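K.L.:
Here is a sequence together with a model predicted from it:
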Amino acid sequence: MTEPAHRTLGMTDDEYARVVEILGREPEPAELAMYSVMWSEHCSYKSSKPWLRRFPTEAPWVVLGPGENAGVVDIGDDWLVALRIESHNHPSFVEPYQGAATGVGGILRDIFTMGARPVGLWDALRFGPLSDPSNRYLFSGVVHGIAGYGNAVGVPTLGGEIEFADCFSKNPLVNVMALGLMRRDQLVTRAAVGEGNIAVLLGSATGRDGIGGASILASASFEEGSETKRPSVQIGDPFEEKKLIEACLELYERGLVVAIQDLGAAGISCATSECAAAGGMGMTVDLDAVHLREEAMTPGEILMSESQERMLAIVAPDDVDEVLALAHKWEIDATTIGVITGGDTLEVRHRGEIVAAVPAASLSEDAPVYHRGVERPAYLDAVWADEATLPAGLDLGSTLLRLLDDPALGDRSWIFQQYDHMLFLDTVVGPGNDGSLMRVKGTDKGLAVSTDGDALRCSLDPRRGAARIVYEAALNVAVTGAAPYAVVDNLNFGNPEKPAVMWQFAETVEGMAEACERLGVPVVGGNVSFYNETDGVDISPTPVVGMLGLADPMPQLPPRLDRAEAGMELWLIGPERGDDFAGSAYCRIVLEHRCGRPAEPDPDVARRVVEHAARLAHIAPVVHDVSSGGIAVAVAEVAIRSGVGVRLDNGDWRLLLDESPHRFVVAVEPGTDLDVSDVASRRLGVFGGDRLDFGRWGTVGLSEASRVWRQAIPRRLG
Amino acid sequence: MSEPVRFRVRVMRKAGLADPEGATTTKALRDLGYTEVTAVHFGRDIVVELAGDDVAAAEARVHEMCERLLANPVIEDFTVERL
Amino acid sequence: MSEPVRFRVRVMRKAGLADPEGATTTKALRDLGYTEVTAVHFGRDIVVELAGDDVAAAEARVHEMCERLLANPVIEDFTVERL
Amino acid sequence: MKIAVAVFPGSNCEHDVEHALGLLGADVELMWHQEDDLSEFSAVVLPGGFAHGDYLRTGAIARFSPIMDEVSRLAEGGFPILGICNGFQILCEADLLPGALVANRDLNFICSMVHVRVESTAGVLTRDAEVGQVLRIPLNSYEGNFVADAATLDELEASGRVLLRYCDPAGNVTDEANPNGSARNIAAIADPGGNVVGIMPHPERAAEDVLGSSDGRVLLASFVHAAEEASR
Ligand SMILES: Nc1ncnc2c1ncn2[C@@H]1O[C@H](COP(=O)(O)OP(=O)(O)O)[C@@H](O)[C@H]1O
Ligand SMILES: [Mg+2]
């Protein structure tokens, strides 16, 4: 017996029954295709929706929260910022260059579809260990893909983060965040209002790209033999996207669009149904008007195609000619493919026949919601009980070299030097520091962004781990002088049909939500990527936080890691524990121990520390948060980047390697008043000489540390 | 020492996948007045030179190089030809 | 309408000028264990399809396209071949 | 006195050039590549970016734009013409400058600060600088590797048309200090008249201390002064 069509499209029998109920009849093939993609996990969030409501989403400065193409916040002086993060994990495993490239293209469309000019990109990456050639291939392919697309499309990539672990070997993660800037009156939405308005398809021709592609790929696990999914690879065209950006921005400037929506997963079906549903209208769509790249495409294929670099603009009939002329000037294709109608039906025609007629809103709004089983995995008790056995003492010189040689702790300039991070002349603090900081020309404001994740700590305790990355991200923007302002998150998880995975998910959401609440920072958007599982093995829970900070005013000369000088004093601000080793770089790299329970964050301390960092960023040349590798690595980074040695006062070695949260270091001229009475602080030592000198715990030459740190990635790539 | 054996490897994007470079070049040629051009497809032409006398073995090795490095089997096809 | 006429254009870097793709690929292949590889030369393989029946005229036009656009005479040589 | 900045489909540094020249007091206007009349202007800049996606070859398609006919015509009359990065590539393709730019030697895109040493002041890019001066400015390119045959290189050197070379912070021109493999570390050249200049690094990205360097100013100022002279 052959499988029923809906099952081959990944739809359950119950879901199919529901479609029949909505339509009052069996769906036509094109209709079934539309429902199957729109109701996929990737498009409908059917497993995660109930949990995501937990996030705080409101603040006076929030203009648009979750649910839009991008979140939008008001930064004052008539400027709005749009931000969004998105994953392209499975496509990047299938084809790393194109998967990552099209991920960049997709996130940028989410930004300029709001009316904003994209001004920055960040990438959060996860791969298996670089000792394996296939991981090296994926890693360099992804970095080249992001560079190839981001640079050519003309949007700077200002930072990111990276982690390596076995669980990502067959399931790398590629999350990309983008930020856009617009004047207040440029904001547009996708609400297609106005009966008789015209739908214009802009951009690339439609081919069979990604059919059964991104949305299906992202909604199912990988098994051996996933090669069969490969013909759906999409090829990115940054040149086309660049022209689309400029054309769309000019359309907005001239007030020529009523609404606009990018074409992403589920292509034309998604864009048309969402525009119509958002406007409470119907739409008729003529597939014969769609410019095709390939012959003999079926209506279902045209509707579902995920060909890149396309936009759907809703335009008043009188403006159509001007829109087409403007598209012509920018050398992009534009065709009218539909009309907004009264009622609520999305009607699709092909060769004179109606191939689909469905309630527009049912595609996006009537998708099933699943309350999946949640169960705390029993193995966690053993994990928490298994604390690392620490030595009584150690040689910090050689230990530090091992840490600095780790590709996630060493110099990451092999990655970010391949990204144009200076375009637009706004990059005041670029990659290679903590958060990046960009100025907003014509104002005193600066926008800081940091992306942060920590798969290891989140696997040990998803709630604490997730909360801690929110606090870390906040501190990373604070050290540039900014206050946390808005969050986007990307939740990368395994198979949601497993209760243990849903427990990780629920705990993560709780941890992130609480941290955001305690910091008073709204979540304005996010993305969920489930089914990151290969051959039955799930990835570690990997939430990624994209934190936007606002510096107002921006420091005149913001801190950077390379601004320490001999004679400056080094101070630690924030509480010390000396026992928070679970999930630390020291345990992972040196002890090869990945168990225990990370310490709980302290929201009140976190907030105070963040405030102090933002304040001190206006007076101290170096303000650097302490994260992976503890104080030892944080200090080494400053010394290496500044080219000056440092001598630390004696203390317990554990204080130098543990990774308890809410701490940062500053370099200041002796005698500077730090004014930090309400949190702990301690003088760590003084800069000078050409060694990293840890007193009784050992010492290492600056040039050797520097060489090892610089080679951490290149030496592994050969 | 003997002359090297030479092979020409031709790597082409698989049919059906978008070829932005080809499309852009088609347009450029048409804009230059070559309006009879209907399509341009881009590929790579790679000449590999090897030491050794066993041509058949060398050809098998070049095939392997294509599969492992020179072509990307996900999006590209290749051919190998003795020169 | 008749079938398009197709030509293969091969564009190669002039001998003696830097060919970073070739040099890097040579090294990569040798690192992979193909130590018999002595050199790799990178070029482009461009297939041009044209409408029209006059093959000789079409070939002359393709030559012209190469001279004007498809190859850069400062650093590249080209050949044209009917398919 | 007005300076035109040519904008090709895929250009992306046009606003940056406009901003940086603006800091020097220049009056700048962006000109779409379909324009073919620059008679109102005293100089033109071809900015960085990816004209036509850099497809086929960098600059190959852009050089056929109508604006390039005008640029070529003006070049003969001594008009100051500056190509930065992609603009340099376009000028080479258009035969207004010798040689070509090919992929970086390590096949990676490079976005990084580099040092260049002023070798000659015989071009509108360096006329206000001093020979031997070392400048720290950003490089941002995949195809930044300058190639030309030996005779061309010799002639460039002999006629003082090599304007800038990659060097280390102390000004030593070494192979290690060569970021992309460019022949003889060449980072910028001029045509025989000195009025057409091409530079691979981006002086406009080094025009403000807050962005990390102001060393590019002397180059931009040279060009603006040349434009002022030309307008007289
Ligand atoms: N994948 C990446 N892409 C671009 N920049 C990166 C990437 N990974 C790390 N970086 C940069 O390297 C610096 C250090 O990163 P990281 O150690 O993650 O910072 P932190 O610990 O402060 O969060 C940051 O400036 C970051 O932007
Ligand atoms: Mg940090």
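P.N.:
Yep, it's here. Ligands and ions are numbered 1, 2, ... in the order given.
K.L.:
For the residue of the stretch 1-150 of chain A found nearest chain C, grab phi and psi.
P.N.:
As assessed by C-beta to the nearest C-beta, chain C sits closest to A:Pro133 within the stretch 1-150 of chain A, at 9.0 Å. In short, each C-beta sits where N, CA and C put it, glycine included. For A:Pro133, the backbone dihedrals are phi -60, psi -30 (criterion: degrees, to the nearest 10).
K.L.:
Distance of it relative to C:Ala28?
P.N.:
11 Å (C-beta to C-beta, to the nearest Å).
K.L.:
Which one's more surrounded, these two?
P.N.:
Per other C-beta atoms under 10 Å in any protein chain shown, whichever of A:Pro133 and C:Ala28 has more neighbours is C:Ala28, with 18 against 11.
K.L.:
thinking A:Ala408 is in contact with A:Glu163, fair?
P.N.:
Yes. The pair A:Ala408 / A:Glu163 is scored as a contact, 5.3 Å apart, by C-beta atoms under 8 Å.
K.L.:
do stretch A:296-312 and chain B meet?
P.N.:
Yes. Remark: stretch A:296-312 sits within contact range of chain B at A:Ser307, A:Gln308, by C-beta under 8 Å from any C-beta of the partner chain.
K.L.:
Let me know the pLDDT of B:Gly52.
P.N.:
Here the pLDDT value assigned to B:Gly52 is 87.
K.L.:
so it makes contact with C:Tyr34?
P.N.:
No. Counting by C-beta under 8 Å, B:Gly52 sits too far from C:Tyr34 to count as a contact (10.8 Å).
K.L.:
of these two, who's got more company?
P.N.:
C:Tyr34 (18 against 13).
K.L.:
give me every residue that touches that one.
P.N.:
Residues counted as contacts of C:Tyr34 (C-beta atoms under 8 Å, 6 or more residues apart in numbering or on different chains) are B:Leu50, B:Arg61, B:Met65.
K.L.:
backbone phi and psi for it, please?
P.N.:
Torsion angles, degrees, to the nearest 10, at C:Tyr34: phi -90, psi 70.
K.L.:
distance of it from B:His63?
P.N.:
Distance from C:Tyr34 to B:His63, by C-beta to C-beta: 12 Å.
K.L.:
residues contacting A:Ala486?
P.N.:
A:59, A:61-62, A:71, A:73, A:81, A:83, A:521-524, A:547-548.
K.L.:
Helix, strand, or coil at it?
P.N.:
Judged by DSSP: H, G, I helix; E, B strand; the rest coil, the three-state class of A:Ala486 is strand.
K.L.:
Is it correct that A:Ile619 is in contact with A:Glu669?
P.N.:
No. With contact defined as C-beta under 8 Å, A:Ile619 does not reach A:Glu669; the gap is 9.8 Å.
K.L.:
Looking at the two, which one has more neighbours?
P.N.:
Neighbours were counted for A:Ile619 and for A:Glu669 using other C-beta under 10 Å; A:Ile619 has more, 17 against 12.
K.L.:
Just the pLDDT for the more buried one.
P.N.:
pLDDT, A:Ile619: 96.
K.L.:
With A:Val37 instead?
P.N.:
So, for A:Val37, pLDDT stands at 86.
K.L.:
Need the nearest residue in space to it, chain neighbours excluded.
P.N.:
A:Ala266 (4.0 Å; C-beta to C-beta, 6 or more residues apart in numbering or on different chains).
K.L.:
A:Ser307 is in contact with that neighbour, correct?
P.N.:
No. Contact between A:Ala266 and A:Ser307 fails when scored by C-beta under 8 Å: they sit 11.9 Å apart.
K.L.:
Give me the more crowded residue out of the two.
P.N.:
A:Ala266 (32 against 27).
K.L.:
Show me the beta-bridge partners of the residue of chain D found nearest ligand 1.
P.N.:
The nearest approach of chain D to ligand 1 comes at D:Cys111, 10.9 Å away (C-beta to the nearest ligand atom). Beta-bridge partners of D:Cys111, counted by DSSP bridges, are D:Asn140.
K.L.:
Chain D against chain C: which residues are in contact?
P.N.:
Residues of chain D lying near chain C (C-beta under 8 Å from any C-beta): D:56-57, D:60-61, D:64, D:92-93, D:98-100, D:102-107, D:145, D:147-149, D:181, D:183.
K.L.:
switch the cut-off to 10 Å
P.N.:
When proximity is defined as C-beta under 10 Å from any C-beta of the partner chain, chain D approaches chain C at D:56-61, D:63-64, D:92-93, D:95, D:98-108, D:143, D:145-150, D:152, D:180-183.
K.L.:
Show me just the buried residues among those residues.
P.N.:
Among the residues of chain D next to chain C, those classed as buried by 16 or more other C-beta atoms under 10 Å in any protein chain shown are D:56-61, D:63-64, D:92-93, D:98-105, D:108, D:143, D:145-149, D:180-183.
K.L.:
Select the helix or strand of chain A having the lowest average pLDDT value.
P.N.:
helix A:214-217 (a mean of 50; mean pLDDT, DSSP states H and E).
K.L.:
Quick check: what element follows that helix along the chain?
P.N.:
helix A:238-253 (DSSP states H and E).
K.L.:
Next one, pLDDT for the closest residue to ligand 2 within chain A please.
P.N.:
Relative to ligand 2, the nearest point of chain A is A:Asp434 (3.6 Å; C-beta to the ion). Per-residue confidence (pLDDT) for A:Asp434: 96.
K.L.:
where's the closest residue to it other than its chain neighbours relative to A:Met547, distance?
P.N.:
Spatial nearest neighbour of A:Asp434, excluding adjacent residues (C-beta to C-beta, 6+ apart): A:Asn476 at 4.3 Å. Going from A:Asn476 to A:Met547 by C-beta to C-beta gives 7 Å.
K.L.:
what do those two both touch?
P.N.:
Residues touching both A:Asn476 and A:Met547 by C-beta atoms under 10 Å, 6 or more residues apart in numbering or on different chains: A:Gly435, A:Ala448, A:Val449, A:Ser450, A:Thr451, A:Asp452, A:Ile469, A:Ala482, A:Pro484.
K.L.:
Next, format those residues as JSON lines and append neighbour count and secondary structure.
P.N.:
Putting the shared contacts of A:Asn476 and A:Met547 into JSON lines (neighbours: other C-beta atoms under 10 Å in any protein chain shown; DSSP: H, G, I helix; E, B strand; the rest coil) gives the following:
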{"residue": "A:Gly435", "neighbour count": "31", "secondary structure": "coil"}
{"residue": "A:Ala448", "neighbour count": "31", "secondary structure": "strand"}
{"residue": "A:Val449", "neighbour count": "29", "secondary structure": "strand"}
{"residue": "A:Ser450", "neighbour count": "32", "secondary structure": "strand"}
{"residue": "A:Thr451", "neighbour count": "28", "secondary structure": "strand"}
{"residue": "A:Asp452", "neighbour count": "24", "secondary structure": "strand"}
{"residue": "A:Ile469", "neighbour count": "33", "secondary structure": "helix"}
{"residue": "A:Ala482", "neighbour count": "31", "secondary structure": "coil"}
{"residue": "A:Pro484", "neighbour count": "27", "secondary structure": "strand"}
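K.L.:
With respect to A:Ile111, which of the residues you listed is nearest?
P.N.:
Set against A:Ile111, the nearest of the shared contacts of A:Asn476 and A:Met547 by C-beta to C-beta is A:Val449 (13.2 Å).
K.L.:
which residue ranges form the helices in chain D?
P.N.:
D:14-23, D:66-76, D:86-93, D:150-158, D:217-231 (DSSP state H).
K.L.:
Tell me the residues that contact both of A:Ala408 and A:Glu163, please.
P.N.:
A:Leu125, A:Arg126, A:Phe127, A:Leu456, A:Ser628.
K.L.:
among these, which are in strands?
P.N.:
Per DSSP state E, strands hold the following members of the shared contacts of A:Ala408 and A:Glu163: A:Leu125, A:Arg126, A:Phe127.
K.L.:
For the residue in the stretch 501-650 of chain A that chain B sits nearest to, give the beta-bridge partners.
P.N.:
Minimum separation of the stretch 501-650 of chain A from chain B (C-beta to the nearest C-beta) falls at A:Thr534, amounting to 16.9 Å. Counting by DSSP bridges, A:Thr534 forms beta bridges with A:Phe222, A:Val537.
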